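Engineer: Following is a predicted model, sequence given first.
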Amino acid sequence: MIAPSPQADPRGFLRALFDAAVKRALPEHNMAAFLPPPPRGRTVVLGAGKAGGAMAAAVDALWPKEAALSGLVVTRYGHLPPAYGSRPGHIEVVEAAHPVPDAAGQRAAQRMLELTRGLSADDLVLCLISGGGSALLALPAEGLSLDDKRAVNQALLASGAAIDEMNCVRKHLSAIKGGRLGALCAPARVVTLAISDVPGDAPELIASGPTVPDPSTCADALRILDRYGIAISHAARAGLESGAFETPKPGDARFTGHEVHLIATPQQSLEAAAQMARAAGLAAHILSDAVEGESRVVGGVHAAIARSVARRGEPFAKPCLILSGGETTVTLSPEAGRGGRATEFLLGCAIALQGEAGVHVLAADTDGIDGVEDNAGAIVGPDTLARAGAHGLKAQDFLDRNDAYRFFEALGDLVVTGPTFTNVNDFRALLIL
């Protein structure tokens, strides 16, 4: 892939960087090196996540044709790769709702539990896990309803809680996440192939770790719920307070011999973008692949760094590219409009940049969907606020009501890719010329 000139076409250059980052994380490019050999017994494939369909297609294409293969994977509505839909493989792929779970996700999770019955030590369970699996594997703990799960999920999404906090709660209110699926596969060998969408790449956090033992506790989940003032049903609180909803812990014998491999990570995608920038003659700097915090605040911090580079050549000399990844959060106002983490970050960044000359910024979610919208993200340039003013748009008003999507839509600055069939979380690129 050849990128446009950053000086002649900064917007096109930033978009090419994003495309390179996404390409690096596609399952078809990363799966082969991690597939185990077929076992003496059966191979059962189970999985969940926004990349689930693409991961299943990659396994189906790479698995030895003479070896038996079956299983079930759940992905988000609209995230089934077109090629897989026209050429169904041995692995069934179904779709369900994200980020708020629905009955289709509940049915898929129940069917997965049923597929673990009767497994032997000669069998292999190949688990394909990617971001989004927490909502897609929607099987409530005993005594809870799907409505209970939906209500907690919606409250967590609106609260500004970090991803590790949200997943801690989700695990303990689930009958399949937090290692429970992996424990039920015993005595079969379990190999988990994961695409990381979490800061730090901790396997127990990716999709709430359905096949990985969980170090967090019911008490941790209660503290998080209380910290954010999230009400839960009497049955949910009783299960947490009594410890009845506790998850399998590290050291549990049922996980003996299990393997976990990360086939794609945020850092790898940032490095792919950095390599493209360096090939174009730019110095490229990766701040971190694990940036968290309130999106608009993180946007302001990135803007401060870019302005320092533009005005004083510190901490980096210009021209240069600054990259970061991770997962920021958005605390929704009561009158929240439309938008996701990427556009909220960009609106906060644009306001803080105040039209700084020579600074161009792209932020997007690598799954192609920013929140629940139809865009991956957007682009900010030195003229963003001036063009907004010419349209009668006040950036701060849009930020105050979490309405960044409509702000960038009005300017024609949204980045729209459709589902990318992978997910390594937020991608942010600041080009300072």
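Structural biologist: Cool, got the structure.
Engineer: Grab the nearest non-local neighbour of E95.
Structural biologist: Distance criterion Cβ to Cβ, 6 or more residues apart in numbering; nearest residue to E95, sequence neighbours excluded, is Y77 at 4.7 Å. C-beta here means a position set from N, CA and C on the backbone, and glycine is covered the same way.
Engineer: ranges for the strands of the stretch 51-200 of the chain?
Structural biologist: 70-76, 91-96, 124-130, 189-195 (DSSP state E, counting those that start in this stretch).
Engineer: now these in a markdown table, with mean pLDDT and mean neighbour count?
Structural biologist: Formatted as a markdown table, the strands of the stretch 51-200 of the chain follow (pLDDT from 0 to 100; neighbours: other Cβ atoms under 10 Å):
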| stretch | mean pLDDT | mean neighbour count |
| --- | --- | --- |
| strand 70-76 | 96 | 25 |
| strand 91-96 | 95 | 21 |
| strand 124-130 | 98 | 28 |
| strand 189-195 | 98 | 26 |
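Engineer: wait, which of these is closest to H258?
Structural biologist: When the strands of the stretch 51-200 of the chain are compared by Cβ to Cβ, strand 189-195 sits nearest H258, at 4.5 Å.
Engineer: if we can go back for a sec, now the strands of the stretch 51-200 of the chain as TSV including distance to Q354?
Structural biologist: Below are those laid out as TSV (distance: least, Cβ to Cβ, whole Å):
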stretch	distance to Q354
strand 70-76	37
strand 91-96	43
strand 124-130	38
strand 189-195	37
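Engineer: Report pLDDT for G85.
Structural biologist: Note on G85: pLDDT of 59.
Engineer: Likewise for the one 5 residues further on?
Structural biologist: In this model, H90 is scored at 87, pLDDT.
Engineer: now G179: how far from N153?
Structural biologist: Note on G179: its distance to N153, by Cβ to Cβ, to the nearest Å, is 20 Å.
Engineer: Compare those two and say which is more crowded by neighbours.
Structural biologist: Shown here are G179 and N153; by other Cβ atoms under 10 Å, G179 has more neighbours (26 against 21).
Engineer: these two touch, right, the more buried one and G209?
Structural biologist: Yes. Under the criterion of Cβ atoms under 8 Å, G179 is in contact with G209, at a separation of 6.0 Å.
Engineer: Overlap in contacts, these two.
Structural biologist: With Cβ atoms under 8 Å, 6 or more residues apart in numbering applied, the contact sets of G179 and G209 do not overlap.
Engineer: Count the residues that sit near the residue nearest to E95.
Structural biologist: Y77 has 13 nearby residues by other Cβ under 10 Å.
Engineer: do you know which of the strands of the stretch 51-200 of the chain lies nearest A336?
Structural biologist: Of the strands of the stretch 51-200 of the chain, nearest to A336 by Cβ to Cβ is strand 70-76, at 21.5 Å.
Engineer: Between strand 91-96 and that closest one, find me the angle.
Structural biologist: Counting by axes from the mean of the first three to the mean of the last three Cα atoms, to 10 degrees, strand 70-76 lies at 30 degrees to strand 91-96.
Engineer: contact partners of strand 70-76?
Structural biologist: Applying Cβ under 8 Å, 6+ apart, the contact partners of strand 70-76 are 42-53, 55-56, 90-98, 104-105, 108-109, 111-112, 115, 126, 128, 132-133, 136-137, 369, 419.
Engineer: mind listing which of those residues are in helices?
Structural biologist: Per DSSP state H, helices hold the following members of those: 52-53, 55-56, 104-105, 108-109, 111-112, 115, 133, 136.
Engineer: Farthest pair within those residues?
Structural biologist: Among the ones in helices among the contacts of strand 70-76, M55 and A104 lie farthest apart (Cβ to Cβ), at 18.8 Å.
Engineer: The two: which is more packed in?
Structural biologist: Using other Cβ under 10 Å as the criterion, M55 and A104 rank with M55 on top: 36 against 16.
Engineer: May I ask which helix or strand encompasses L430?
Structural biologist: strand 426-432 (DSSP states H and E).
Engineer: can you give me how far that strand is from the chain middle?
Structural biologist: Its chain's C-alpha centre and that of strand 426-432 lie 17 Å apart, by Cα atoms, centre = their mean, to the nearest Å.
Engineer: quick one on the thing from earlier: any idea how far the residue nearest to E95 lies from L46?
Structural biologist: For Y77, the distance to L46 equals 19 Å [Cβ to Cβ].
Engineer: ditto for K65
Structural biologist: According to Cβ to Cβ, K65 stands 21 Å off from L46.
Engineer: ok, and what's touching stretch 276-289?
Structural biologist: Contacts of stretch 276-289 (Cβ under 8 Å, 6+ apart): 1, 3, 5-6, 13, 16-17, 20, 199, 265-267, 270-271, 273-275, 305, 316-317, 319-326, 431.
Engineer: hmm, I was thinking of stretch 251-259
Structural biologist: 36, 179, 182-183, 186, 189-192, 211-213, 248.
Engineer: Which residue ranges of the stretch 201-350 of the chain form helices?
Structural biologist: Counting by DSSP state H, counting those that start in this stretch, the stretch 201-350 of the chain has helices at residues 218-227, 234-242, 266-279, 295-312, 341-353.
Engineer: Could you list every helix and strand that the last one packs against?
Structural biologist: In this case it means helix 341-353. If you count contacts as 3 or more Cβ pairs under 8 Å, 6 or more residues apart in numbering; DSSP states H and E, helix 341-353 packs onto helix 295-312, strand 359-365, strand 377-380, helix 384-390, helix 395-400, helix 404-411, strand 426-432.
Engineer: Can you tell me which of these is nearest to G337?
Structural biologist: Across the helices and strands packed on helix 341-353, the minimum distance to G337, taken as Cβ to Cβ, is reached by helix 404-411, at 6.1 Å.
Engineer: what's the following helix or strand after that closest one?
Structural biologist: Taking DSSP H and E, what comes next after helix 404-411 is strand 414-415.
Engineer: Which neighbouring elements make contact with that following strand?
Structural biologist: The elements that strand 414-415 packs onto, with contact taken as 3+ Cβ pairs under 8 Å, 6+ apart, are strand 377-380.
Engineer: Identify each buried residue in the strand it packs on, please.
Structural biologist: Within strand 377-380, the residues that qualify as buried by neighbour count (16 or more other Cβ atoms under 10 Å) are 377-380.
Engineer: I'd like the distance between P382 and D289.
Structural biologist: 27 Å.
Engineer: Give me the more crowded residue out of the two.
Structural biologist: Neighbour comparison, P382 and D289: the larger count goes to D289, with 24 against 18 (by other Cβ under 10 Å).
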